[in-house]
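> How does the following fold in three dimensions:
(2 chains)
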Amino acid sequence: MQDFFFIAFPYIALTLAVGVGIYRYFIHRFTYSSLSSQLVEKRQLFWGSVPWHYGITLILIAHLLPWIFPGASRAVLGNQTRLAVLEVTGIALGLYCVFGIVTLIARRLPNDSPARAVTSPMDWILLLVLAYQVLSGVGIAMFERWGAAWYLSTAVPWLRSLATLHPNADTVTGLPIFIQTHFISGFVLILLFPFTRLVHIFAIPFEYLWRPYQVVIWNRDPQMRQLPVLHEIETFPHTAPLAPCEVQRRQLLTRLGILVGGISAAIVGIPSLAFLLGLRKVPEVWRTLGAADSFPIGETVQVSFLDSTPLPWSGVTAKTAAWLRREGPQQFIAFSINCTHLGCPVRWLPNANLFMCPCHGGVFYKDGTVASGPPPKPLATYPVRLRDGNVEILTTGLPITTV
Amino acid sequence: MRLLKQLWRWFDEVTGFSKSLGPVLTHPVPRARRSRWFYVFGSATLTAFLIQVVTGIALSSAYVTGSGQAYDSLHFINSFPIGRVVRGIHYFGASAMIILIGLHTIRVYLMGAYKYPRQVNWLTGAGLLLFTLLMAFTGQLLRWDQIGFWTAVVAAEQAGRAPLIGNWLGHFILAGNTAGGATLSRFFAAHVFFIPALIFVFLAVHLYLVVYNGISEPPEAGRPVDPRTYRGWYHELLQREGIPFWPHAAWRDLLFGTIVVVCVFLLALLVGPPELGNPPDPSIVSASPRPDWYFMWYFALLSLIPKWSERWVIIMGPMLFGLFLILVPILGGRGERSPLRRPWSIVLVASVIAVVAHYWAMGIRAPWSPRLDAPPLPAAVVGVTSGPIADGARVFYDKGCEYCHTVSGYGGIRGPDLSDAGDRMSPAQMATRIFSGAENMPSYRGELSEGELNSLLAFLASRHIVQPPKPPVLRTER
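Modelled structure (predicted):
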């Protein structure tokens, strides 16, 4: 049953959404319409529509980003403060949306509301599903906390598995039913896309951003009632004025051309970009540095070891160097050679018991703390362990100082 | 000869080149009069870029893009005299391109040539400036000796200061969690394919716009640009006194470009390419990474700005520079063009040049860097060969004091010169400073035994500058 809801149903919903959407766009293009209610009621529409659209756009983006960049999102959310800020922002936006959708529903509800007259049954279904979606979302945010974090290890792997055609719902089937309904109703919304006014998402009027603004003035002067006739429609130079159907045809062909070109670019570009971004995952492995007894107590010596992914063509660059200090019979500490300022290699001065950096003059004490100069924090350390009398080091990679 | 002419006529007839491109070549340009030689920097930058394309292709035919082999392949290229020359041309061509694009930017900025209708000329030029700097940075790295290797690390660390995505970005630049096998290929792709492709695209738009909008006429004080009338006025100017670009203006570009090529070639021949340093082995820790000359000033800047400001400067500095380049034509798209009526532009250019020159000079001296190769003080400087003062001189060297402090011309210059320490401070004051350390000096508490401290103080107290006898003071009788 869960396989149906989390594997079959999403694909059905997507197929229908795309299939019916394309079918209607090309075959029954002008059956798309949604009766405007702005003409009959404006004030409530403003208070409902504005919070709803701004809120839901940001929330959708927040849902989409971790899905596309899971690694970067994990890095961002690794910090508790950022996670808390994001959660609070999310709940605030969610409540903003709830306010919007409730207002939008309320203005259509009263029997005498003029908006009710232009509300189709499909509009009601859509409004209800949308309302459920945001309410359950806010509910999850409040009662199943830190969703921004667990989303990454539950819904994201599932959605990615769907996208890569290797569906695997294991990460979501164990979640509370309440959360699962949020996922399912999300796909219900996708299913509803081509059947409802939701398609307007694909017609976001971006031209509004750069076209000159227009002022709509209600024509109150009876003498001006006669509407100006649009004599000139968009024409191509050097050609006779075109019939309206020809204009539409040209517009359609232009848009089709852009769409086809965009799809081609995406087919080539997305795998290339994914390859470029995907080269960086490396495991961390333990490397043996030598017998523990070969390191005198109280001394800091340079050690070098292979990084975790030496490649056949890495040559000498496969090495990583570290400063290993034996503090006691069982205690070892391994400092990164990279200055925390800008990564230059620090040198150990055994007589002075100091690390010095040749680039900008950073100095560290023997315990790695900053002695002087620009470094913002102590030398990074590698995890070290003793195993069978050997010292082993974990190849955690180049420590990068972040703000 | 006649055959060639016939061939050309046939070729031209079927391609229409002289019909379509001829007018482009001979399009009228305004007379530049006194400032005519200022108009050559753009085409000279293009010349330098073409030098880079040609020599770059030649070098790439022998360069091996493997972190383990690139260094050896450069030695291979170096082993042929002609290989050294080509490397030299590529290096000095890069230097020339940086200088020329800088001069071109300054010329366009001072003459206000970025104003209407040439705003996009400027914006594409700003992109080209940015790409040129990126090429310089990645090119230095591709030398892939010890310094090239550490440049990659420094690049990743700087990217690490970006908010939120810093860690990810740093590792993305390295193509892994450490600088190693995968790193070099990434920079090679950037230097050889990605950035050059962007340069070609921007260059095409830039040149198209130069022809479409026409080259700017020399500015004149009291003749502001008004977008409503400018194009008409400019058209009239061309009709009245325009001269065909080819050959009346182009010969200067050709001459100057040839001088650039000859200079680059001579420098490559006489000075040669930058020598390769140690191999890119991260386990050789005795490395002193330094950027090539064009980034020396930035290297110095990062050492000398206050510590708290660094995290802002590393990220915000380049972004503000980019923002400035974008805002210049947007906010200043009209009005006076003459630098005489825009005195602040002169002040700005002069201060940028002064700041860069100052930091550049500082970067070459790098006073903040400890001189880790300073030799122990010779007996002639110490004055004695045994006793506490001689012991103290040894401690002064062993404990690293000499890396940062000069005594009689030996040692580093990060800290104060201690040649006359005995004249300036009492032993108690010295001991306090040695124990407490300072912003740029480590504390030596717990690092010196009593004997070591005493001999160090004895050594420092013995540092005097022999004062020349004071001239007799003339007294006037009352």
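
> near chain A, which residues of the stretch 351-478 of chain B show up?
B:368-370, B:372, B:398-400, B:403-404, B:414, B:437-443, B:447 (Cβ under 8 Å from any Cβ of the partner chain). For the C-beta atoms, the positions are set from N, CA and C on the backbone; glycine is no exception.

> Which strand or helix spans the residue nearest to B:Y63 when sequence neighbours are not counted?
For B:Y63, ignoring the flanking residues on the chain, the nearest one in space by Cβ to Cβ, 6 or more residues apart in numbering or on different chains is B:S73 at 5.4 Å. For B:S73, the host element (DSSP states H and E) is helix B:70-78.

> Pull out the buried residues from that helix.
For helix B:70-78, a neighbour-count test (16 or more other Cβ atoms under 10 Å in any protein chain shown) marks B:A70, B:Y71, B:S73, B:L74, B:I77 as buried.

> Check which helices and strands it sits against.
Other elements packing on helix B:70-78 under the criterion 3 or more Cβ pairs under 8 Å, 6 or more residues apart in numbering or on different chains; DSSP states H and E are helix B:81-110.

> helices or strands next to the helix it packs on in the packing?
By 3+ Cβ pairs under 8 Å, 6+ apart, helix B:81-110 packs against helix B:41-60, helix B:70-78, helix B:119-142, helix B:250-270, helix B:343-365.

> Any stretches of the chain with poor pLDDT?
Just going to use chain A. Along chain A, segments meeting pLDDT under 70 span A:27-36, A:38-40, A:202-242, A:279-281.

> meant chain B actually
Ranges of chain B meeting pLDDT under 70: B:466-478.

> According to the record, where do the domains of it fall?
B:28-365, B:379-461 (automatic domain parsing).

> Need those in JSON lines (columns: distance to A:L342).
Listed next are these as JSON lines, based on distance: least, Cβ to Cβ, whole Å:
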{"stretch": "domain B:28-365", "distance to A:L342": "5"}
{"stretch": "domain B:379-461", "distance to A:L342": "16"}
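
> Out of these, which is closest to A:N111?
Closest to A:N111 of these is domain B:28-365 (Cβ to Cβ; 51.4 Å).

> Show me how far that closest one is from its chain's centre.
Taking Cα atoms, centre = their mean, to the nearest Å, the mean C-alpha location of domain B:28-365 is offset from the chain mean by 9 Å.

> Okay, strands next: where are they in chain B?
Ranges of strands within chain B are B:28-29, B:243-244, based on DSSP state E.

> quick revisit: out of the residues of the stretch 351-478 of chain B next to chain A, which sit inside helices?
Using DSSP state H, the subset of those located in helices is B:D398, B:Y403, B:C404.

> so the first one touches A:N351, yeah?
Yes - judged on Cβ atoms under 8 Å, B:D398 makes contact with A:N351 at a distance of 3.9 Å.

> Using neighbour counts, trim the ones in helices among the residues of the stretch 351-478 of chain B next to chain A to the buried set.
Of the members of these, the ones counted as buried by neighbours, 16+ other Cβ under 10 Å, are B:D398, B:Y403, B:C404.

> next one: whichever strand or helix holds A:F355 to chain centre, how far?
With secondary structure defined by DSSP H and E, A:F355 is part of strand A:354-356. Relative to its parent chain, strand A:354-356 has a centroid offset of 42 Å by Cα atoms, centre = their mean.

> ok, then the element right after that strand?
Next helix or strand after strand A:354-356 toward the C-terminus (DSSP H and E): strand A:363-365.

> now for the helix or strand that that following strand is followed by, which elements pack on it?
Using DSSP H and E, the helix or strand that follows strand A:363-365 in sequence is strand A:370-372. Secondary-structure packing of strand A:370-372 (3+ Cβ pairs under 8 Å, 6+ apart): strand A:363-365.

> still on that earlier bit, just say which of the strands of chain B is most tucked in.
Of these, the one with the most neighbours on average (mean count of other Cβ atoms under 10 Å in any protein chain shown) is strand B:28-29, at a mean of 20.

> Any chance you could list what contacts it?
Residues outside strand B:28-29 that contact it (Cβ atoms under 8 Å, 6 or more residues apart in numbering or on different chains): B:G214, B:I215, B:L238, B:Q239, B:G242, B:I243, B:P244, B:F245, B:H248, B:A249.

> With respect to chain A, which of the residues you listed is nearest?
Nearest to chain A, judged by Cβ to the nearest Cβ, of the contacts of strand B:28-29 is B:G214 at 23.8 Å.

> ok so, going back, B:P224 is nearest to which of the strands of chain B?
That would be strand B:28-29 among the strands of chain B, by Cβ to Cβ, at 21.4 Å.

> Got the phi and psi for the residue of the stretch 151-300 of chain B found nearest chain A?
In the stretch 151-300 of chain B, the residue that lies nearest chain A is B:N177 (2.8 Å; Cβ to the nearest Cβ). Here is the backbone geometry of B:N177 (degrees, to the nearest 10): phi -90, psi 0.

> what does the one 4 residues further on give?
Dihedral angles of B:G181 (phi, psi; degrees, to the nearest 10) stand at phi -50, psi -40.

> ditto for A:L306
According to degrees, to the nearest 10, A:L306 has phi -80, psi 140.

> hmm, back to that, which of the strands of chain B sits closest to A:L175?
Taking Cβ to Cβ, strand B:28-29 is the member of the strands of chain B nearest to A:L175, at 70.6 Å.

> my read: B:I173 touches B:T151, true?
No - here B:I173 does not reach B:T151: they are 11.0 Å apart, not a contact under Cβ under 8 Å.

> wait, B:A58 sits on B:V86?
Yes - contact criterion Cβ under 8 Å: B:A58 and B:V86 qualify, at 5.3 Å.

> Next, format the buried residues of helix B:70-78 as JSON lines and append distance to B:L267.
Supplementary listing: these in JSON lines, determined by distance: Cβ to Cβ, whole Å:
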{"residue": "B:A70", "distance to B:L267": "24"}
{"residue": "B:Y71", "distance to B:L267": "24"}
{"residue": "B:S73", "distance to B:L267": "24"}
{"residue": "B:L74", "distance to B:L267": "19"}
{"residue": "B:I77", "distance to B:L267": "18"}
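
> any idea which of the residues you listed is the one closest to A:F305?
Closest to A:F305 out of the buried residues of helix B:70-78 is B:Y71 (20.8 Å), distances taken as Cβ to Cβ.

> burial of the residue nearest to B:W246 when sequence neighbours are not counted, as a residue count?
Distances taken as Cβ to Cβ, 6+ apart place B:L25 nearest to B:W246, at 4.5 Å, with adjacent residues excluded. By the other Cβ atoms under 10 Å in any protein chain shown criterion, the neighbourhood of B:L25 contains 13 residues.

> Quick check, B:L25 in contact with B:F245.
Yes - using Cβ under 8 Å, B:L25 is in contact with B:F245, at 6.7 Å.
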